[in-house]
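Student: Build me a structure from this.
(one chain, ligands or ions: 1)
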Amino acid sequence: MCGIVGYSSTSNSIELSEFVSMIKSLDYRGYDSWGFTFKDADQLKTEKQLGKIETPNQQGSATFVIGHTRWATHGKVTKDNTHPHTSNSNKISLVHNGIIENHQELRNKLKDNGFNFYGETDTEVIPNLIEFHLRTSESVLEAFKKTLDELKGTFAITFLHDKSKKIFFARRDSPLTIGVDKDSLIVSSDVTSFIDRTKKVIYLEDGDYGYINSEIKIFNKEKEVHREISEIDWDVSKAKKGDFKHFMLKEISEQVDTVKQALIQDSKLIEKITNELKSSEVYIVACGSSYNAAKAAEGEFLKNGLIPRIIHAHEFEQYEKFLSEKSTIIAISQSGETLDLINAVKIAKTREAKINAIVNVQGSSLTRLSDNNIFMNVGPEICVLSTKSYTAQVAILMLLASSLINKPNESKQEIEEIVRHIYYLTSESARKHTKELSQILRYSNHIFTIGRGRDYATAMEAALKIKEVSYIHAEGFAGGEIKHGPIAMIEHGTPCIVFVPNKNNQDILSNAQELKSRGAFIIGISEKKDETFDYWIKVLGPDKFSPILRIIPIQALSYYLAIMKGLDPDKPRNLAKSVTVK
Ligand code: AGP
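Tutor: Model (predicted):
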């Protein structure tokens, strides 16, 4: 996904360097390249840069300016493919987040009408299509509406027209908000770009388009509409690193609070959803870490009498024919913008299924599609890796599972107990061990993670953390699977991280022994040391919450592996905070 932002004011210009810092606050959405266009009298001036967002070359200030930070989908990382994109006459300059599915067809149509293109992106067709429609329209807005009607796919768009003192915008399936400040309006992919200026926000709906200048004009299906102004419920300090070097370490440390915060939920809402779950076929749908969170809680649901179908969102459409009003979906997403999940939820809605979201971002697309929203309450998660949101999701799912047998408070009491274990696990002294272990593992080519039952999910999440931030190949296995193939990969010194529960641990310890006897270097994550361990990380606390407790040292290990390798743990290569493309 990409980040877009537009600043408009008729009375108060913004320094371009300050505007670029607004773009930078979105760079967790994508950081391949960036650019901006501002109005200078009746001229549009554009600057584009590759790589991470730094100070702009262009000096000065402006009252109308749009900007973009890119995560490349169509076209290589080049200046020509960097947004903003301008139309042939340079009358229109535009930024976009999303995918225009019929861009090739539109490119051909425009070429037939005398337009030419300098880049490879899908986006570049949009400003030229607006220009094409300007030939037969009374106003820029009319030309924009005709353009939107021709676009197939997803978009959040803002653009400038050289003669208009306005910033135009439109939203379809990609998030877009308007920050309402006292003497300026800011249209943006999300609130992090303007939260240090204002907490007043309008969450635009799908199909909304319009413009901002000194006023806000929003239309939907050609009718003017009014959208309420909401108040953002967290403050800017949450979106800053504070004393931490990286967001990743900050967000790992925040888990001592966020796991508890996640459980502060409206008991009536939880009861309502639980009753629905009891009388439905339940599908839990997610991607990445959010999927792993679902797998981590699966055992608790099963123990309490419910069989959840846990499905990757991108594989969900195969289940369409089984869905009905008797189906309940639990859609899990930190960002609420993962396109595969949004698409899965839309399929479920066509079959009258109930949608319950476990989501972190207020006003996100998922929240608008759901019948009920359980907010994770962990504050903004800026690091691309999911850490505090993963453990919050597991905690909420455990709460739902406990509620099935009318013991919602059981989870809460137990979480109070484990918070002090989390306090230790996120402390400097605990991290000394993982820092030391990262020194041992930093040159590994492969790291295997192994667990059974709920800790199979822990193994999958551990492998995801390690690989996505240190680029070391890591793979999670179920202990029972090892002998069905994976053990063939074990060589002398192959690092194997083994998650060992306090009770019923004989099978996983046998797996560790089998691996060790073939030369593996065994790293035990457990309450007690075992003779098979070559390295031991001590983790106290009840087995039931092992997916929360035992993942924390691996989050820290992943962080230190990235640091050891001179990598940026907050912005790993090729990744973005939310995957808003299929
Ligand atoms: C996890 O560290 C990754 N950032 C990724 O797998 C993520 O969990 C996945 O893309 C789902 O994101 P969501 O929770 O915002 O839907």
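Student: count of neighbours near the closest residue to Arg442 other than its chain neighbours?
Tutor: Distances taken as Cβ to Cβ, 6 or more residues apart in numbering place Met564 nearest to Arg442, at 4.4 Å, with adjacent residues excluded. Bear in mind the C-beta positions are built from the backbone N, C-alpha and C, glycine included. Here the count is done by other Cβ atoms under 10 Å, and Met564 has 15 residues near it.
Student: Touching, Met564 and Gln439? I think so.
Tutor: Yes - counting by Cβ atoms under 8 Å, Met564 does reach Gln439; the two are 7.0 Å apart.
Student: one step back: contacting residues for the residue nearest to Arg442?
Tutor: When contacts are counted by Cβ atoms under 8 Å, 6 or more residues apart in numbering, Met564 touches Ser438, Gln439, Arg442.
Student: of those residues, closest to the ligand?
Tutor: Taking Cβ to the nearest ligand atom as the measure, the ligand sits nearest to Ser438 out of these, at 17.8 Å.
Student: The helix or strand containing the closest one packs against which elements?
Tutor: According to DSSP states H and E, Ser438 maps onto helix 428-441. Where contact means 3 or more Cβ pairs under 8 Å, 6 or more residues apart in numbering; DSSP states H and E, helix 428-441 is packed against strand 535-538, helix 552-564.
Student: If we go by neighbour counts, what in it is buried?
Tutor: Across helix 428-441, burial judged by 16 or more other Cβ atoms under 10 Å covers Ala430, Arg431, His433, Thr434, Lys435, Leu437, Ser438, Leu441.
Student: again, but for stretch 494-504
Tutor: Residues of stretch 494-504 classed as buried by neighbour count (16+ other Cβ under 10 Å): Thr494, Pro495, Cys496, Ile497, Val498, Phe499, Val500, Pro501.
Student: would you list the residues you listed in TSV and tack on pLDDT?
Tutor: Formatted as TSV, those follow (pLDDT from 0 to 100):
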residue	pLDDT
Thr494	97
Pro495	98
Cys496	98
Ile497	98
Val498	98
Phe499	98
Val500	98
Pro501	97
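Student: Out of those, list just those in strands.
Tutor: By the criterion of DSSP state E, membership of those in strands covers Pro495, Cys496, Ile497, Val498, Phe499.
Student: Now distance to the ligand too, for those, in CSV please.
Tutor: CSV is the format used below for these (distance: Cβ to the nearest ligand atom, whole Å):
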residue, distance to the ligand
Pro495, 20
Cys496, 22
Ile497, 17
Val498, 22
Phe499, 18
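Student: Where does Val378 sit: helix, strand or coil?
Tutor: Of the three states, Val378 takes coil under DSSP: H, G, I helix; E, B strand; the rest coil.
Student: mind listing the helices for the stretch 151-300 of the chain?
Tutor: 247-253, 255-262, 267-278, 288-303 (DSSP state H, counting those that start in this stretch).
Student: how deep is the residue of the chain at minimum distance from the ligand tucked in, by neighbour count?
Tutor: Nearest residue of the chain to the ligand (Cβ to the nearest ligand atom) works out as Gly288 at 2.0 Å. Gly288 has 23 neighbours, counted by other Cβ under 10 Å.
Student: Same check on Leu302?
Tutor: For Leu302, using other Cβ under 10 Å, the count is 12.
Student: For it, list the residues it contacts.
Tutor: Pro308.
Student: Show me the one of the helices and strands packed on helix 428-441 that comes nearest Thr121.
Tutor: Nearest to Thr121 among the helices and strands packed on helix 428-441 is helix 552-564 (30.0 Å), distances taken as Cβ to Cβ.
Student: What mean pLDDT does the closest one get?
Tutor: Mean pLDDT, helix 552-564: 97.
Student: same deal with stretch 340-356?
Tutor: For stretch 340-356, the mean confidence score works out to 97.
Student: Can you name the residues of the stretch 351-500 of the chain sitting close to the ligand?
Tutor: Residues of the stretch 351-500 of the chain that fall close to the ligand, judged by Cβ under 6 Å from any ligand atom: Val384, Leu385, Ser386, Leu464, Glu468.
Student: Among those residues, which one lies nearest to Ala262?
Tutor: Of all those, Ser386 has the smallest distance to Ala262: 13.2 Å, by Cβ to Cβ.
Student: Tally up the residues packed near the residue nearest to the closest one when sequence neighbours are not counted, please.
Tutor: Residue nearest to Ser386 in three dimensions, not counting chain neighbours: Ser289, with 3.8 Å by Cβ to Cβ, 6+ apart. Using other Cβ under 10 Å, the number of residues around Ser289 comes to 25.
Student: on that earlier part again, which members of the buried residues of stretch 494-504 define the maximum pairwise distance?
Tutor: Thr494 and Pro501 (22.8 Å).
Student: Name the helix or strand of the protein that has the lowest mean pLDDT.
Tutor: For the chain, the helix or strand with the lowest mean confidence is helix 408-425, at a mean of 82 (criterion: mean pLDDT, DSSP states H and E).
Student: between it and helix 255-262, how big is the angle?
Tutor: Between helix 408-425 and helix 255-262, the angle comes out at 170 degrees (axes from the mean of the first three to the mean of the last three Cα atoms, to 10 degrees).
Student: tell me what helix 408-425 is packed against?
Tutor: helix 255-262, helix 267-278, helix 388-404, helix 546-549, helix 552-564.
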